[in-house]
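*Asks:* One predicted model, sequence on top.
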Amino acid sequence: MAEAKRIDGKAAAARIIDIVTRETATLTTATGVVPGLAVVIVGEDPASQVYVGSKAKTAKACGFKSIKHELPAETGEAALLKRIADLNADPEVHGILVQLPLPKHIDETKVVQAIDPDKDVDGFHLINVGRLSTGASAKAFVPCTPAGSMILIREVLGDDLSGKSAVIVGRSNIVGKPMAQLLLAADATVTIAHSRTRDLASVCRGADILVAAVGRPEMLNGAYVKDGAVVIDVGINRVDAPEKGHDEDGMPKTRLVGDVNYADASEKAAAITPVPGGVGPMTIAMLMANTLRSACRAADVAPPKF
Ligand SMILES: Nc1nc2c(c(=O)[nH]1)N[C@@H](CN(C=O)c1ccc(C(=O)N[C@@H](CCC(=O)O)C(=O)O)cc1)CN2
């Protein structure tokens, strides 16, 4: 097999952000509506801080009004729910996002279900889950990571996936299940596999499209990949990298890897996303796209297609 094509998520994300920026300017000039995105973070988890910072910065660059709500780790559930109620009622806020994971003392489901479904730009609210799974996707906000993964798949295979078999490894509500709905809507034949699937490697080897969202560093190697498959790696795992040296406390430096062993899988795949630089940047780009869609709805203007 020839070396696999590297699917450049950073470049695809930049193209989407470009469209969002242009369309935001058009919307604001025509209607006076400025898309507003409220990003809520509770606590100091370092990775979450980075993601939230990046979301707020990208939102500003798109021409949005971006409001970051940083709440201390000890914030109670009631106070967080009150903050969400205020944001639901604020007409200048079109998108609300609560960064996950939340501290253990807060019920994540309760918080997500408190967000107005029409401002739920993460697409996690049950109303949006229901819209997506019943095919009412024109009204649904689609979760950002699967939506971004789908754009990368379409870049390689086009819009019609009929006749293709897709295997998703991972059954989370945030990635695995919505990814399955999107692939099904594009007419792929879909299997959701997981850590308890018997002979996982052989199931994966049946896939023309293999999506890895299992959360285990480099778990899927070449033995899981069919010749010519498109491999989408959703995993973002930080692992020790002593070969890069040590920090001042003597701890090994770290590096990011996906759920797929890139070098090994590349020998079989036709196209594969890297980590970093694959699906991750698309998550943030699709959040901008969802927020613009929400603002367009509020202004009664047709939203752009991505
Ligand atoms: N409310 C939400 N919480 C979380 C989501 C989400 O979609 N909504 N997803 C993840 C984290 N996440 C966004 O929040 C996210 C993860 C990774 C990236 C990204 O761009 N990764 C880069 C590498 C960045 C690095 O160096 O650490 C890449 O893959 O190239 C963006 C967003 C959990 N929480």
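*Replies:* Perfect, I can see it now.
*Asks:* Show the pLDDT at the residue lying closest to Pro117 once chain neighbours are set aside.
*Replies:* Among residues not flanking Pro117 along the chain, Ile127 sits closest, at 3.8 Å (CB to CB, 6 or more residues apart in numbering). C-beta coordinates here come from the backbone N, C-alpha and C atoms, glycine included. On pLDDT, Ile127 comes in at 97.
*Asks:* Dump the host helix or strand of Ile127 to PDB, keeping only the CA atoms.
*Replies:* Using DSSP states H and E, Ile127 maps to helix 126-133. What follows is helix 126-133, C-alpha atoms only, in PDB (Å, rounded to 0.1, in the frame of the first residue of the first chain):
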ATOM      1  CA  LEU A 126     -31.900  15.500  25.000                       C
ATOM      2  CA  ILE A 127     -34.000  17.600  22.600                       C
ATOM      3  CA  ASN A 128     -31.000  17.900  20.200                       C
ATOM      4  CA  VAL A 129     -30.100  14.300  20.700                       C
ATOM      5  CA  GLY A 130     -33.700  13.400  19.800                       C
ATOM      6  CA  ARG A 131     -33.700  15.700  16.800                       C
ATOM      7  CA  LEU A 132     -30.500  14.200  15.400                       C
ATOM      8  CA  SER A 133     -31.600  10.600  16.000                       C
END
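*Asks:* after it comes which helix or strand?
*Replies:* Next element after helix 126-133 (DSSP H and E): helix 144-157.
*Asks:* circling back: list of residues touching the helix holding Ile127?
*Replies:* With CB atoms under 8 Å, 6 or more residues apart in numbering as the test, helix 126-133 has contacts from 113, 117, 120, 123, 136-137, 139-142, 173, 177-178, 181-182.
*Asks:* Flag whichever of these scores worst on pLDDT.
*Replies:* Per-residue pLDDT puts Ser137 lowest of these, at 74.
*Asks:* Below-threshold pLDDT in the chain: ranges please.
*Replies:* Applying pLDDT under 70 to the chain flags the ranges 1.
*Asks:* Sticking with the residue of it found nearest the ligand, tell me its helix or strand.
*Replies:* The nearest approach of the chain to the ligand comes at Gly280, 2.1 Å away (CB to the nearest ligand atom). Using DSSP H and E, Gly280 sits in helix 279-299.
*Asks:* buried residues in that helix?
*Replies:* 279-296, 298-299 (16 or more other CB atoms under 10 Å).
*Asks:* List the contacts of the nearest residue to Asp208 once chain neighbours are set aside.
*Replies:* Spatial nearest neighbour of Asp208, chain neighbours left out: Lys164 (4.3 Å); criterion: CB to CB, 6+ apart. By CB under 8 Å, 6+ apart, the contact set of Lys164 is 157, 188-189, 208-209.
*Asks:* hmm, 10 Å instead?
*Replies:* By CB atoms under 10 Å, 6 or more residues apart in numbering, Lys164 lies in contact with 153, 157, 183, 186-190, 207-209, 229-230.
*Asks:* Mind picking the two most distant members of those residues?
*Replies:* Greatest spatial distance among the contacts of Lys164 (CB to CB): Asp187 and Ala229, at 17.6 Å.
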